[in-house]
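Asker: Sequence and predicted structure below; questions after.
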Amino acid sequence: MTQPKAQLRRDGFTFKQFFVAHDRCAMKVGTDGILLGAWAPVSRANRILDIGAGSGLISLMLAQRTADNVVIDAIELDEQAATQAQENFQASPWASRLRVHQADVVEWSNGQTVRYSLIVSNPPYFEQGVECSTAQREQARYTTTLDHASLLECAAALISEEGFFCVILPVDVSEAFTSKAQGIGWHLRLRTDVAEYETRLPHRVLLAFSPAAGECFTDRLVIRGADQHYSESYTALTQAFYLFM
């Protein structure tokens, strides 16, 4: 299903099995989203929720990784991004099981009775800072419209008893996030620290929380080797998606 180079488009990112247009989204396709979409545990997932879906990248990756009976709901506050996610879904091989909801997740969650076995979010993680070029980008970057406490509470209301809630965050934000999570009853079950190179400290961390207590498995992922090429571990994680792997 690999597309020839002549068909590559400039308004998005071409993967092996799908294309993500992102020209109307504040946050473009990037390594954070790809990491979360490839890393989140899907073996027991039967219903998935993507909070703050943006272009729909993570939802599409999870659709590729899961069986045909797994339904994925994507929540996106911004109207333009939600519309673009819907278009990306419709153009994908999994259109029948991907659904976009253009809504504030706090309000949307109040009326939901469905419980999800996997919830993912690549959330805003900066406190209000330097003004962004657009309100859309400010919403995507800063926690002003969805703070971490609200995100954790929404996820807690929507998760199944044995489900996982997965996020990717900067390392310096992750400790406070984990503390907030544990304070309302979440248990940290998986943690992967991500470093750009072996010689550098981790700059991102992938976290999986569950309402169910259990052992926490931790590891480290290095993105690039000394030769600047992708490492074996990063290649193994993402090779089902990147065209050039």
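Answerer: On my side now, so go ahead.
Asker: can you give me the strands for this structure?
Answerer: 12-14, 19-21, 47-51, 71-76, 98-102, 116-121, 159-170, 187-197, 204-210, 217-224 (DSSP state E).
Asker: quick one: the second one to chain centroid distance?
Answerer: Between the centre of strand 19-21 and the centre of its host chain there is 15 Å, according to C-alpha atoms, centre = their mean, to the nearest Å.
Asker: and it, which strands flank it?
Answerer: Sheet pairing for strand 19-21, assigned by DSSP bridges, gives strand 12-14 (antiparallel).
Asker: Export the strands of the chain to TSV and append columns for mean neighbour count.
Answerer: In this view, the C-beta of every residue, glycine as well, is placed from N, C-alpha and C. Formatted as TSV, the strands of the chain follow (neighbours: other C-beta atoms under 10 Å):
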stretch	mean neighbour count
strand 12-14	19
strand 19-21	20
strand 47-51	26
strand 71-76	24
strand 98-102	19
strand 116-121	26
strand 159-170	21
strand 187-197	17
strand 204-210	23
strand 217-224	15
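Asker: just for the chain, where's the confidence low?
Answerer: 1-8, 125-145 (pLDDT under 70).
Asker: ok, which stretches of it are helices?
Answerer: 31-39, 57-65, 79-90, 105-110, 135-141, 148-158, 171-183, 232-238 (DSSP state H).
Asker: quick one: Asp227 from Tyr197, how far?
Answerer: 11 Å (C-beta to C-beta, to the nearest Å).
Asker: Ok, Pro123 next?
Answerer: Relative to Tyr197, and taking C-beta to C-beta, Pro123 is found at 26 Å.
Asker: Name the residues linked to Phe209 by a beta bridge.
Answerer: Phe165, Leu188.
Asker: is it true that it touches Ile184?
Answerer: No: if you go by C-beta atoms under 8 Å, Phe209 and Ile184 don't touch, sitting 10.1 Å apart.
Asker: related to what we said a few turns ago, would you list the strands of the chain in TSV and tack on distance to Gln64?
Answerer: Listed next are those as TSV, based on distance: least, C-beta to C-beta, whole Å:
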stretch	distance to Gln64
strand 12-14	14
strand 19-21	12
strand 47-51	12
strand 71-76	11
strand 98-102	11
strand 116-121	14
strand 159-170	16
strand 187-197	20
strand 204-210	18
strand 217-224	20
